[in-house]
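S.K.: need a structure here:
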Amino acid sequence: MSKVVIVATLDTKGPEVAYLRDRIHALGLETLVVDSGILGEPLGIEPDVTHAQLAERGGMTLATLQNSGSRGKAVEMMRILVTDVIRERFAAGEIIGGISVGGVGAVMGAAAIQTLPVGVPKIVVAPTASGRHEFGPYVGTTDVMVVHSVVDILGLNPIATTVFDNVAAAMAGMLANGHPLGPPEPGRRYVAATMLGNTTTAVGALKDRLAEFGYETVVFHSSGVGGPAMEELAAHGHFVGVVDYTTNEITDPLTGGIHDGGPNRLRRVGESGLPQVVLPGCIDFSVFAPQAIPERLRGRVMYDHNPEYTLVQTNHDEKKQLGRIFAERLNASTGPTHVIMPTGGLSLPSTPDGPFWDPRGDAFFLAEVREHLRPDIPIDVVDLHINDPKLGQKAAELFVSLMPKEAP
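M.R.: As a prediction, the model looks like this:
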């Protein structure tokens, strides 16, 4: 029988993991307990994969791992080792779900279970999965269920056992009634698109127009995770192509904003050879919590999007840099690629009477794109606003024209 993997630092969480393991067994499932602890020996439990075995996989002894220079370095090495084990065991058909348990140590297990495909049940249980903590390390770009343990994971008490009982039940329920994401059904043609609230109207029109040509649109929220998640799924064959309408996730890395898509944003779709239409939607701002705007940005024009998010305008130097980034990443494309540049504004606040209106800065961006983009990748300059439904329809028609035998 395939097993539910449980990852935890058993020198500090042994009795709690033993309880969770037994609850899962009581529901008719098998487990594979992996000890990601670095320092002490397991307490009250015998792991199926020991920390010494993990160290050996990395070509070292446990003592070498323990004395690798710093706790942070040792944790990073252990995270890689645990991730490799889970990836290998899943590929062999030995794992059907994953649970990471712990405090800070839960991040190691979380990184490992994130390698399981969408639809394979994944749960993180941690006291730090709450409040103002960053959820990125727990969730990544996939469908991880995050459970706040309420109490610290140190001892078995009615609160802790209730949480663990429900985690076991959730895993059993997902395995009994859910399913992993499979390949697209024959005859279904899915197109991925990116969107924010600033581009909802246009992407809605894009979706409707693509439907007229027999394409179904899967929309991703370009919030720093949605874009990378879309690119991963596209690279794994879930889409026939992409309309990357809202590419703001390349802006926030320059300013420290929330919507940071990482260093590979705009690369993977092109490298996979998929047809793509790309627009610079919302690259004219970065996103911050109002109380977290850096002092160095406080003199800029801002727009209150809602009580949780403030948009900070991109300056001219950044727009020039973004033009180069935009072009250089698209230059790696191996499939049909087409760029659309709207000159009527790149976000909702960018209109002639809006606070972000900046045709000069947009022209700087376009000039850099033209200078650095491969000459065989065309650019359409269109006098429309990014959220105009006509632009969404145009992007849809242009995408269809890139598809074999599907030109309108």
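S.K.: and V5, that one's in a strand?
M.R.: Yes - counting by DSSP: H, G, I helix; E, B strand; the rest coil, V5 is found in a strand.
S.K.: hang on, isn't it packed against E88?
M.R.: No - using CB atoms under 8 Å as the test, V5 is too far from E88 to be in contact (11.4 Å). From N, CA and C alone the C-beta is placed, and that goes for glycine too.
S.K.: So between those two, which is more surrounded?
M.R.: For V5 versus E88, the count of surrounding residues by other CB atoms under 10 Å is larger for V5: 28 against 13.
S.K.: so the more buried one bridges to which residues?
M.R.: L32, G98 (DSSP bridges).
S.K.: Spit out the contact partners of it.
M.R.: T31, L32, V33, V34, I86, R89, I95, G97, G98, I99, A112, I113 (CB atoms under 8 Å, 6 or more residues apart in numbering).
S.K.: any idea how far R132 is from it?
M.R.: 29 Å (CB to CB, to the nearest Å).
S.K.: With L233 instead?
M.R.: Distance from L233 to R132, by CB to CB: 29 Å.
S.K.: So which of those two has more stuff around it?
M.R.: L233 (22 against 6).
S.K.: List the residues that contact the nearest residue to T142 once chain neighbours are set aside.
M.R.: Using CB to CB, 6 or more residues apart in numbering and skipping residues adjacent in sequence, the residue nearest T142 is Q114, 5.3 Å away. Residues in contact with Q114 (CB under 8 Å, 6+ apart) are K122, V139, G140, T141, T142, V144.
S.K.: and those residues, which two are the farthest apart?
M.R.: Farthest apart among the contacts of Q114 by CB to CB are K122 and T141. That separation is 12.0 Å.
S.K.: Looking only at neighbour counts, state which of the two leads.
M.R.: Applying other CB under 10 Å to K122 and T141 shows that K122 carries more neighbours, namely 29 against 20.
S.K.: so the more buried one bridges to which residues?
M.R.: G98.
S.K.: quick one, what contacts it?
M.R.: K122 touches G97, G98, I99, I113, Q114, L116, T142, D143, V144, M145, counting by CB under 8 Å, 6+ apart.
S.K.: Among these, name the ones in strands.
M.R.: G97, G98, I99, M145 (DSSP state E).
S.K.: And the residues you listed, which is closest to M171?
M.R.: Scanning the ones in strands among the contacts of K122 for proximity to M171, where the rule is CB to CB, the winner is G97, at 5.6 Å.
S.K.: Just the CA atoms of the helix or strand hosting T310, as CSV, please.
M.R.: Using DSSP states H and E, T310 sits within strand 309-313. Output in CSV follows, covering the C-alpha atoms of strand 309-313 (Å, rounded to 0.1, in the frame of the first residue of the first chain):
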residue,chain,number,x,y,z
TYR,A,309,-2.8,46.9,-0.3
THR,A,310,-1.2,50.2,-1.4
LEU,A,311,0.1,50.5,-5.0
VAL,A,312,3.4,52.4,-5.3
GLN,A,313,4.2,53.9,-8.7
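S.K.: Direction included, what does that strand pair up with?
M.R.: strand 285-288 (antiparallel), strand 302-306 (antiparallel).
S.K.: would you list the contacts of Q114 in TSV and tack on pLDDT?
M.R.: Listed next are the contacts of Q114 as TSV, based on pLDDT from 0 to 100:
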residue	pLDDT
K122	98
V139	93
G140	92
T141	93
T142	94
V144	96
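S.K.: Reformat those residues as CSV; add distance to P375.
M.R.: Output for the contacts of Q114, formatted as CSV (distance: CB to CB, whole Å):
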residue, distance to P375
K122, 44
V139, 40
G140, 37
T141, 33
T142, 38
V144, 43
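S.K.: what does the helix or strand harbouring L206 rub up against?
M.R.: Take DSSP H and E as the rule and L206 turns out to sit in helix 200-212. For helix 200-212, contacts defined as CB under 8 Å, 6+ apart pick out 191, 193-195, 216-217, 219, 243, 245-246, 386-393, 395-397, 399-400.
S.K.: any idea which of the contacts of V5 has the most stuff around it?
M.R.: Neighbour max across those (other CB under 10 Å) = I99, 31 neighbours.
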